[in-house]
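Asker: A predicted structure for the sequence below; I have some questions about it.
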Amino acid sequence: MLGYILWDYSSVLFSFGKFTLRWDGFLLILAFIVGRQILIHIYEKEGQPKKEVDILARYLVIGSFVGARLGHVIFFQPEQWAMPLTIFLPFEFNPFLFIGFSGFSIHGAVLGILLAIWIYTRKMKQAHPFMYVLDRTSIFGMWILVFMLVGSFLNSEVEGKPTNSFAGTVFINPIVKGLQRLPCCMMRNPGGKSPLTKVIAKKENTQVKNEHGHQSVVLYFFFNSGTAKSIVNDYLIGDVKTYLYDMAQYVYEPGTEPLHYSIFEEANGDFEARVSTLGIARHPVQLYMAFSALLLLSHFAWYWNKFKLSIKPGRIFGFGMAILWSLQFLFEFLKENQASFITGIGLNKAQVLCVPFILVGIYCLILSYRKVEIKN
């Protein structure tokens, strides 16, 4: 039994001309639509007007988006300030191209939501107190987070460190898409058209010595009619070998060894090829976090349904902040380092940013329990 997941699904839901809708964008839109209905349900059960949710939802959408984008640029990608329009606009203008958004910071999103709720409670005369709104929107926010994390996984965003566990995931789709666009042939005519009709990735039946998350993967190449066998051979040992070697984030193809491949000729004269390589199985950290957030969401929904208006201010929000950010802090140890380490303490920037949120959650919890003790 081959104990790993081979993930070969496209991150694109559909494309129309220059417009492309990816799974993460679709799931985020869906999450906000369903999340709004969840807030409406909460407010109606507590006897609150529906129109208050519509106003609050606008603040939450704007706050989370602006915060997530600014947080990503400020904390993790400051070089994007050189192209400020791309921070909030999903286009390139020279040439004009829809590129979507790349990079959202959960730290920034939470800060943006907190600021948005604070503005909302100050601006709206009929709004509920700040902590009341925070408790209810924590359920909404946990729902959004689950969808965002699943969307990140569907996009084949590589975050986890290599692992030999059964949950290890080889994100092979970027390799398959890249090979299908790979021109031919550096050994004959550099920059020519791709000779392929399609590429398929499958698990290989043979076992290998499992080190550093390496797992056997076989790639099947189907070539255009009329492609000569000599072209097929040169393409494989030159272009394909070089490409796999360069994609070390996804596969391990050592430059000191020849490419392991076989060429087959079909009855109609067309050629197919079979290439064996080693995929790198990594921790699907997004799914770990999504499952954790889903459990918290289920608990908060149960807690709210049981106590509703009798919930002590800050109780749900405090638990959410303390538990969620503690988990985020721990899961960072399973991630490849995407944010620079802080000198002297062995933690990366994302982990350091978790600490204030954990402390805020603990502080809100203490306040919520102290109020109960004083009342008693």
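Answerer: Yep, that arrived.
Asker: Specify the local secondary structure of the closest residue to residue 26 other than its chain neighbours.
Answerer: In space, not counting the residues next to it along the chain, residue 26 is nearest to residue 13; the distance is 5.1 Å by C-beta to C-beta, 6 or more residues apart in numbering. Where you see a C-beta, it was placed from the backbone N, CA and C, and this is true even at glycine. Look at residue 13: counting by DSSP: H, G, I helix; E, B strand; the rest coil, its state is strand.
Asker: the helices in the stretch 151-300 of the chain, which residues?
Answerer: Along the stretch 151-300 of the chain, counting by DSSP state H, counting those that start in this stretch, helices occupy 173-180, 229-234, 241-246, 285-307.
Asker: Could you measure from the closest residue to residue 160 other than its chain neighbours over to residue 328?
Answerer: In this structure, residue 160 finds its nearest non-sequential neighbour in residue 283, 3.1 Å apart by C-beta to C-beta, 6+ apart. Distance of residue 283 to residue 328, given as C-beta to C-beta, to the nearest Å: 14 Å.
Asker: looking at it, the residue nearest to residue 26 is touching residue 24, isn't it?
Answerer: No: contact between residue 13 and residue 24 fails when scored by C-beta atoms under 8 Å: they sit 9.4 Å apart.
Asker: The two - which one has more neighbours?
Answerer: residue 24 (24 against 14; other C-beta atoms under 10 Å).
Asker: Any stretches of the stretch 151-300 of the chain with poor pLDDT?
Answerer: Within the stretch 151-300 of the chain, the stretches with pLDDT under 70 are 186-188, 190, 206-211.
Asker: Identify each of the strands in it and give its residue range.
Answerer: Ranges of strands within the stretch 151-300 of the chain are 169-171, 196-203, 214-223, 251-252, 260-265, 271-280, based on DSSP state E, counting those that start in this stretch.
Asker: most packed of the ones you listed?
Answerer: Using mean count of other C-beta atoms under 10 Å, the stretch among the strands of the stretch 151-300 of the chain with the largest mean neighbour count is strand 169-171, at a mean of 26.
Asker: Contacts made by it with the rest, please.
Answerer: If you take C-beta atoms under 8 Å, 6 or more residues apart in numbering as the criterion, strand 169-171 is touched by 4-7, 156, 158, 160, 215, 217, 250, 279-284.
Asker: Kindly recompute the last result at 10 Å.
Answerer: Contact with strand 169-171 is made by 4-9, 153, 155-160, 163, 201, 203, 213-217, 249-251, 278-287, as judged by C-beta atoms under 10 Å, 6 or more residues apart in numbering.
Asker: Separate out the buried members of those residues.
Answerer: 4-8, 153, 155-160, 163, 201, 203, 213-217, 250-251, 278-287 (16 or more other C-beta atoms under 10 Å).
Asker: thinking again about what came up before, reformat the helices of the stretch 151-300 of the chain into CSV and put distance to residue 358 next to each item.
Answerer: Shown next, in CSV, are the helices of the stretch 151-300 of the chain (distance: least, C-beta to C-beta, whole Å):
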stretch, distance to residue 358
helix 173-180, 34
helix 229-234, 56
helix 241-246, 39
helix 285-307, 14
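Asker: can I assume residue 248 is in contact with residue 279?
Answerer: No: in this structure residue 248 lies outside contact range of residue 279 using C-beta atoms under 10 Å: 11.5 Å.
Asker: thinking again about what came up before, export the strands of the stretch 151-300 of the chain to TSV and append columns for distance to residue 50.
Answerer: TSV is the format used below for the strands of the stretch 151-300 of the chain (distance: least, C-beta to C-beta, whole Å):
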stretch	distance to residue 50
strand 169-171	42
strand 196-203	49
strand 214-223	51
strand 251-252	52
strand 260-265	62
strand 271-280	49
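Asker: Report pLDDT for residue 87.
Answerer: As predicted, residue 87 sits at a pLDDT of 64.
Asker: Check residue 335 too.
Answerer: Reported pLDDT for residue 335: 89.
Asker: What number of residues are in the vicinity of it?
Answerer: So residue 335, with other C-beta under 10 Å, has 19 neighbours.
Asker: Excluding sequence neighbours, find me the nearest residue to it.
Answerer: Here the residue nearest residue 335, using C-beta to C-beta, 6+ apart, is residue 159, at 4.9 Å.
Asker: Contact partners for that neighbour?
Answerer: By C-beta under 10 Å, 6+ apart, residue 159 lies in contact with 152-153, 171, 282-286, 289, 331-332, 334-336, 338.
Asker: Please identify which of the residues you listed is nearest to residue 258.
Answerer: Of all those, residue 258 sits closest to residue 171, with 25.1 Å by C-beta to C-beta.
Asker: State the distance from residue 354 to residue 280.
Answerer: 27 Å.
Asker: for residue 130, same thing?
Answerer: Distance from residue 130 to residue 280, by C-beta to C-beta: 46 Å.
Asker: do residue 118 as well
Answerer: Taken as C-beta to C-beta, the span from residue 118 to residue 280 is 44 Å.
Asker: got it, and residue 183?
Answerer: 25 Å.
Asker: Give me the common contacts of residue 13 and residue 24.
Answerer: Common contacts of residue 13 and residue 24 (C-beta under 10 Å, 6+ apart): residue 154.
Asker: Could you work out the end-to-end span of stretch 117-134 for me?
Answerer: This stretch, stretch 117-134, spans 7 Å end to end (C-alpha to C-alpha, to the nearest Å).
Asker: Can you tell me the centre-most residue of this protein?
Answerer: residue 152 (1.9 Å; C-alpha atoms, centre = their mean).
Asker: Report the separation between that one and residue 77.
Answerer: From residue 152 to residue 77 the distance is 16 Å (C-beta to C-beta).
Asker: Next: residue 259.
Answerer: From residue 259 to residue 77 the distance is 35 Å (C-beta to C-beta).
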